[in-house]
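Novice: would you be able to build a 3D model of this:
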Amino acid sequence: MQHITLVTKQLRLAIELGKAFNDHEYFVDTSDEPHQVPNLMDEKHSSGVLWDLTAFPAQHWEKVLHKLRSNYQLPIIMLAKTPHHGTQFFQAGFDDYVTKPWDPEELVARFQQKQQLYDQISGKPLRESQTQPSLIVDDVVIDRQKYKAFKNDQDLGLTPKELKLLLYLIEHAPQVLSRAQLLAGVWGGQYDISETSRMVDIHISHLRDKIESDPKHPDHIKTVRGFGYHFVGNYQIKKS
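Specialist: The predicted model follows:
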């Protein structure tokens, strides 16, 4: 899995793009703090940037944008409301300028096309990435390269978001994570906790149905009443 950095305040956009890119084996890391974007990109080894100009206009973030373009030889795509300033962004060296309505699948295709050009210039194979080891939890094998989970060699049918949620819980074990923390870490962006916390509960329930031996009495994904969830138990790392 590769990571892409999305800079926006819009939860709906983060969810739509997260799903579309997840389906093509990318993680979307959402940031609503433009000054922190370089740190996030370095931490996640980001493959590129999608910058929402409707949330963070270029005239207010000119220094950050030019720093990104100067420091990262990666696709940087601008998401805009209107086409009025497209020329200036191309002249500044940004890779693409896309106006509303934003089609998530089209953005994936545009990003992959730009990424292929960078890979060709650098001499790398398209979408080259470091091999990530599989995780084994009891009789469940999480293959992070295929981005699937298996039990007795049978695909458990986890959605990309369910798998991302499971990995997030495992990576933060034994920490207890609130619903707000899970929303920020897995879905990203800003949100109204009163409207979206139910989404976490639904995904946790579906995840338990697929990986727990007894979903009503889970061994691994535990509830801390009134707060959130955490992962309990050991896992093994299996290198490919």
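Novice: which parts of the protein are strands?
Specialist: Counting by DSSP state E, the segments of the chain that form strands are 2-7, 26-31, 49-52, 76-80, 96-99, 134-137, 140-143, 148-151, 154-155, 177-178, 221-224, 228-231, 236-238.
Novice: packing partners of the last one?
Specialist: I take that to be strand 236-238. Using 3 or more CB pairs under 8 Å, 6 or more residues apart in numbering; DSSP states H and E, the elements in contact with strand 236-238 are strand 134-137. In short, each C-beta sits where N, CA and C put it, glycine included.
Novice: please compute how far the strand it packs on lies from its chain's middle.
Specialist: 20 Å (CA atoms, centre = their mean, to the nearest Å).
Novice: partner residues bridging the residue positioned nearest the centre of the chain?
Specialist: Nearest to the mean C-alpha position of the chain, counting by CA atoms, centre = their mean, stands Val28 at 2.5 Å. Beta-bridge pairing of Val28 under DSSP bridges involves Ile4.
Novice: let me see the contact set for it.
Specialist: When contacts are counted by CB atoms under 8 Å, 6 or more residues apart in numbering, Val28 touches 3-6, 14, 17-18, 21-22, 188.
Novice: any of these buried? List them.
Specialist: Neighbour counting by 16 or more other CB atoms under 10 Å classes 3-6, 14, 17-18, 21-22, 188 among the contacts of Val28 as buried.
Novice: closest to Gly93 out of those residues?
Specialist: Gly93 has its nearest neighbour among those in Thr5, at 17.4 Å by CB to CB.
Novice: burial count for Pro160?
Specialist: For Pro160, the number of neighbouring residues by other CB atoms under 10 Å comes to 20.
Novice: the one 5 residues further on now?
Specialist: If you count neighbours by other CB under 10 Å, Leu165 ends up with 23.
Novice: pretty sure it contacts Val186?
Specialist: Yes. Leu165 sits in contact with Val186 when judged by CB atoms under 8 Å, with a separation of 5.1 Å.
Novice: how is the chain carved up into domains?
Specialist: 2-122, 134-238 (automatic domain parsing).
Novice: what about the first one, start to end distance?
Specialist: The straight-line separation of the ends of domain 2-122 (CA to CA, to the nearest Å) is 17 Å.
Novice: what mean pLDDT does it have?
Specialist: Across domain 2-122, pLDDT averages out at 90.
Novice: how far does it sit from the chain's center?
Specialist: With CA atoms, centre = their mean, you get 13 Å for domain 2-122.
Novice: now the helices for the protein?
Specialist: Here the chain has its helices, by DSSP state H, at 11-22, 37-44, 62-71, 86-91, 104-122, 160-171, 179-182, 193-211.
Novice: any chance of those helices in a markdown table, plus distance to Leu53?
Specialist: What follows is the helices of the chain, written out as a markdown table (distance: least, CB to CB, whole Å):
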| stretch | distance to Leu53 |
| --- | --- |
| helix 11-22 | 12 |
| helix 37-44 | 14 |
| helix 62-71 | 10 |
| helix 86-91 | 9 |
| helix 104-122 | 14 |
| helix 160-171 | 26 |
| helix 179-182 | 27 |
| helix 193-211 | 25 |
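Novice: quick one: neighbours of the residue lying closest to Gln73 once chain neighbours are set aside, just the number.
Specialist: Nearest residue to Gln73, sequence neighbours excluded (CB to CB, 6 or more residues apart in numbering): Tyr118, at 6.4 Å. When neighbours are defined as other CB under 10 Å, Tyr118 has 17 of them.
Novice: cheers, nothing more for now.
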